[in-house]
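# have a look at this prediction, sequence included:
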Amino acid sequence: MTTIIATILIVDDQQSFRLLLQYQLQDAGYSVIQASSAEEAIALLRQQQIDLILCDLIMPGVGGLGLLTYVQEHFSTIPFVVVTSQGTINSAVESIRMGAFDYIEKDAITEKLLITIARTLKYKNINSENIRLINELQHTYSFQNVIAASSAMRHVLEMATSVSKYPVTSILLDGESGCGKEVLARAIHVSGGGASTNFVGINCAAIPEALLESELFGHVRGAFTGADRERAGKFALAKGGTILLDEIGDMPLVLQAKLLRVLEERKYEKVGSSQSNVLDCRVIAATNQNLATRVAAGLFREDLFHRIHVFPISIPPLRERVEDIHPLVELFLKKMRKQLGKVLPGLSQEALRKLYQYRWPGNIRELRNCIERAAIIVPEGELLGPDHLILNTVTTTQCDNPIVLEGSTVGDELYSYHLNFTKETISLDAITTQILDTTLQRCNGNKSKAASVLKVGRNMFYLRKEH
């Protein structure tokens, strides 16, 4: 039994030519459908699954170019191959410009037909796979897949969604290590229409100072010792897409000045070259440090700070959005079921309570690792219990006397603050920041209400962000 490779629609007003092509293609294992006109072909396209169209240019009525226009508008994933005679070469070239994949001259049809068909179908398969991967990427990294059960994260997503529409605007993501800065950056990239383009990340703290400039901008051959060939940098690789400058607070001062010029002029040069290249990508910077403090200490340029601080988004740590813990656990368990091939019903209330009480210094990254370990340890079919959760107790050693503040009220609402710090992290600034952030979160981002609770001026919340 012959296996059908693909279904091909032959469109030509000459029956003898259609039959010639049909016999040759059927012998090669293809299924063939015939149409004597563009109108008949359109009717068949609406009724049947077609993998490729082989069409003559010169036909009564609509003609080959008219059918091509219709296919481009309504069946754009079906490749279109033009069959032409010697007198219509110019029209064949025009068909390529309009979107046809290739053309074959009738005089050489028997020699080139099968080769052209095979190449065209290979292109179709690759293109279909690319579309599938793009759709999968959009689904995986879209804003819809960012967990935001808490009001704090919903506000973050609202901010990110609004700026994703403007690819030239510089974005600064700040938050503790592991809180999801790269996940949010990818969501901005994909939701801003970048799913079919590159997302390029670079950790500014992980690359030696001597190599970082070349990594960012690329270099020409002979630019420095060991540069034996020309190399594209991260900005070039991100063309049309997004570059994430992670841990930008650790970028050397000399390179900060060069980056500032690139962002201002939207141009850059490779190391060792004077030729300018256009900066054609979205720039997102990320940091887990207080850049304003580093500016005051002379470790970060103030002008660069203001340049990347156009649209800042602060991602709260996991301990300030505990509502997100349970849905995050369910997400990680879903992935573990698939990865481990194991029945994992969920987790017990005691385990969930243990997760709520932990302070998560490693944030979402630590939670993900914790659930992965638990999923491996727990017997198949059992709920994850508190004993399956291995938490890093060293990083959560608390002061002998945790700070507990109670009594600030608005109306009948009582505000309590349970602030736990390690001996290494406790400070007046840390306590003040946590009280301000916690109150603002409980007031759903309403600065006036939060200021009333704490009996401070509303400007206090803006000043804390700057310092």
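Alright, I've got the coordinates. What you see is a predicted model; the values in this text were computed from it and never measured.
# what about the stretch 1-150 of the chain, any weak spots by pLDDT?
Counting by pLDDT under 70, the low-confidence segments of the stretch 1-150 of the chain come to 1-4, 86-88, 130-141.
# how about the helices of the stretch 51-200 of the chain, start to end?
Per DSSP state H, counting those that start in this stretch, the stretch 51-200 of the chain has helices spanning 64-74, 89-98, 109-141, 151-163, 181-189. These are given in chain order.
# taking helix 151-163 as reference, get the angle to the last one.
In this structure, helix 181-189 runs at an angle of 40 degrees to helix 151-163, with axes from the mean of the first three to the mean of the last three CA atoms, to 10 degrees as the basis.
# need the residues that contact helix 181-189.
Here helix 181-189 makes contact (CB atoms under 8 Å, 6 or more residues apart in numbering) with 141-143, 145-146, 156, 160, 163-164, 171, 173-175, 195, 197, 199, 201, 241-242, 244, 246, 282, 284, 286, 288, 313, 315, 364. From N, CA and C alone the C-beta is placed, and that goes for glycine too.
# go again with 7 Å.
Outside helix 181-189, the residues within contact range by CB atoms under 7 Å, 6 or more residues apart in numbering are 141-143, 146, 160, 163-164, 171, 173, 175, 199, 201, 241-242, 244, 246, 282, 284, 286, 315.
# residues of it that come out buried?
Residues of helix 181-189 classed as buried: 181-182, 184-189 (neighbour count, 16 or more other CB atoms under 10 Å).
# what's the answer for the fourth one, then?
Within helix 151-163, the residues scored as buried using 16+ other CB under 10 Å are 152-157, 159-160, 163.
# pLDDT on it, on average?
Taken as a whole, helix 151-163 has an average pLDDT of 93.
# what distance separates that helix from the centre of its chain?
How far helix 151-163 lies from its chain's middle: 16 Å, per CA atoms, centre = their mean, to the nearest Å.
# which strands or helices does it pack on?
When contacts are defined as 3 or more CB pairs under 7 Å, 6 or more residues apart in numbering; DSSP states H and E, helix 151-163 sits against helix 181-189, strand 311-314.
# so which of those gets nearest Asp429?
Distances from Asp429 to each of those were compared by CB to CB, and the smallest falls on strand 311-314, at 16.4 Å.
# partner strands of that closest one, with direction?
Under the criterion DSSP bridges, strand 311-314 sits next to strand 171-174 (parallel) in its sheet.
# contact partners of the partner strand?
With contacts defined as CB under 7 Å, 6+ apart, strand 171-174 is touched by 163, 181, 184-185, 188, 284-287, 308-309, 311-315.
# which residue is nearest the middle of this protein?
The C-alpha lying nearest the average C-alpha coordinate of the chain belongs to Arg186 (CA atoms, centre = their mean; 2.9 Å).
# on that earlier part again, now the helices and strands packed on helix 151-163 as CSV including distance to Ser91 and mean pLDDT?
As requested, the helices and strands packed on helix 151-163 are exported to CSV (distance: least, CB to CB, whole Å; pLDDT from 0 to 100):
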stretch, distance to Ser91, mean pLDDT
helix 181-189, 41, 93
strand 311-314, 50, 96
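# TSV for those, including distance to Val32?
Output for the helices and strands packed on helix 151-163, formatted as TSV (distance: least, CB to CB, whole Å):
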stretch	distance to Val32
helix 181-189	44
strand 311-314	56
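# out of those, which is closest to Gly385?
For the helices and strands packed on helix 151-163, proximity to Gly385 was assessed by CB to CB; helix 181-189 is nearest, at 28.3 Å.
# tally of neighbours for Phe300?
Counted with other CB atoms under 10 Å, the burial measure for Phe300 works out to 23 neighbours.
# you'd agree it is in a helix?
No: remark: Phe300 does not belong to a helix; assigned using DSSP: H, G, I helix; E, B strand; the rest coil, it is coil.
# do you know how far it is from Ala160?
When CB to CB, to the nearest Å is applied, the distance between Phe300 and Ala160 equals 24 Å.
# the residue lying closest to Arg307 once chain neighbours are set aside: how many residues sit nearby?
Take Arg307 and drop its neighbours on the chain: the residue closest to it by CB to CB, 6 or more residues apart in numbering is Leu263, 5.4 Å away. Here the neighbour count serves as a burial measure; for Leu263 (other CB under 10 Å) it reads 18.
# what about Gln339, neighbour count?
Gln339 has 11 neighbouring residues, counting by other CB under 10 Å.
# that's a helix at it, yeah?
Yes: the assignment for Gln339, made by three-state DSSP, places it in a helix.
# so which helix or strand takes in the residue nearest to His155 when sequence neighbours are not counted?
If you skip the residues right next to it in sequence, His155 has Gly445 as its closest partner in space, 5.7 Å away by CB to CB, 6+ apart. With secondary structure defined by DSSP states H and E, Gly445 is part of neither a helix nor a strand.
# Gly445 touches Met153, doesn't it?
No: the pair Gly445 / Met153 is not scored as a contact, 11.7 Å apart, by CB atoms under 7 Å.
# mind pulling the model confidence for Gly192?
Among the per-residue scores, Gly192 holds a pLDDT of 81.
# most tightly surrounded among the helices of the stretch 51-200 of the chain?
helix 181-189 (a mean of 23; mean count of other CB atoms under 10 Å).
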